[in-house]
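Novice: The sequence and its predicted three-dimensional model are supplied below.
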Amino acid sequence: MQSHAMTHQRGMALVLSLIFLAIVTILSLSSMQGAITQDRMASSQRDYSVAFQAAEAALREAETLLQNGANPGNGWSNHAMNMAELTQNPRYRIQTLAPLGSRSSNSSTEVVEMLYRIEAQGFGRGVDTSVTLEALYVRQQQVEVITP
C-alpha cells in the first residue's frame, strides 16, 4: 500500500519548486526594472540640475556686466565654465527694453532708469538637456543734459 502512494507523489516536489522558482524570477525581474527606472530618473534630475546651475551662472555674469556699466551687445555671449559635465558652455543675451523714467540729480546730469531683459541658457550632460532662464534688470545710468 505504501508503494502505491509513493508512485502518485513522485515529481510533485519538482513541480512545486519550479513554480516557486518562476515566482521568484518574476519578482526579481520586476524589482530590477524598478531599480533601473529609478536610476534613469535620478540621472535625468542630475542632468537638469547641472543645466540649471549653468544657466544661473550665465545669468549672474550678465547681471554683473550690467551692474558694472557695460553696454548690452547684440546676440548671444558665451559664459566660460570649466565643468567637464557640460556638453557646451552656457550663454546669455541682454536686450534693452525701455526707459522707465528719469530724474534730475543736479544741474548738469540726469538719472535715467533703463529696463533690460536677460536670457540665459544652460546645457547639461545630455545633448538634449537645456534650461532657459529669464530675468528683468533695472539699471540707473547718468546722462549729461546739454543746456542751450
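Specialist: All right, it came through fine.

Novice: C-alpha only now, for contacts and for neighbours.
Specialist: Fine.

Novice: just the strands in this structure please.
Specialist: Using DSSP state E, the strands assigned to the chain run over residues 77-78, 91-104, 109-123, 130-144.

Novice: Tell me which of those strands lies nearest to residue 26.
Specialist: Go through the strands of the chain one by one with Cα to Cα and the one that ends up closest to residue 26 is strand 130-144, at 37.9 Å.

Novice: And that closest one, what does it pack against?
Specialist: Helices and strands in packing contact with strand 130-144 are listed as helix 12-67, strand 109-123; criterion 3 or more Cα pairs under 8 Å, 6 or more residues apart in numbering; DSSP states H and E.

Novice: and stretch 24-42, C-alpha only, in CSV?
Specialist: Coordinates of each C-alpha in stretch 24-42 appear next as CSV, following Å, rounded to 0.1, in the frame of the first residue of the first chain:
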residue,chain,number,x,y,z
VAL,A,24,10.9,34.4,-7.5
THR,A,25,12.2,35.1,-11.0
ILE,A,26,9.3,37.3,-11.9
LEU,A,27,9.6,39.2,-8.6
SER,A,28,13.4,39.7,-9.3
LEU,A,29,12.8,41.0,-12.8
SER,A,30,10.2,43.5,-11.7
SER,A,31,12.4,44.7,-8.9
MET,A,32,15.3,45.2,-11.3
GLN,A,33,13.0,47.1,-13.7
GLY,A,34,12.0,49.4,-10.9
ALA,A,35,15.6,50.0,-9.9
ILE,A,36,16.6,50.8,-13.5
THR,A,37,13.7,53.2,-13.8
GLN,A,38,14.7,55.0,-10.6
ASP,A,39,18.3,55.2,-11.8
ARG,A,40,17.2,56.8,-15.0
MET,A,41,15.0,59.3,-13.2
ALA,A,42,17.9,60.2,-10.8
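
Novice: Let me see the mean pLDDT of it.
Specialist: Averaging the model's pLDDT scores along stretch 24-42 yields 90.

Novice: And stretch 94-112, by the same measure?
Specialist: Model confidence over stretch 94-112 averages 79 on the pLDDT scale.
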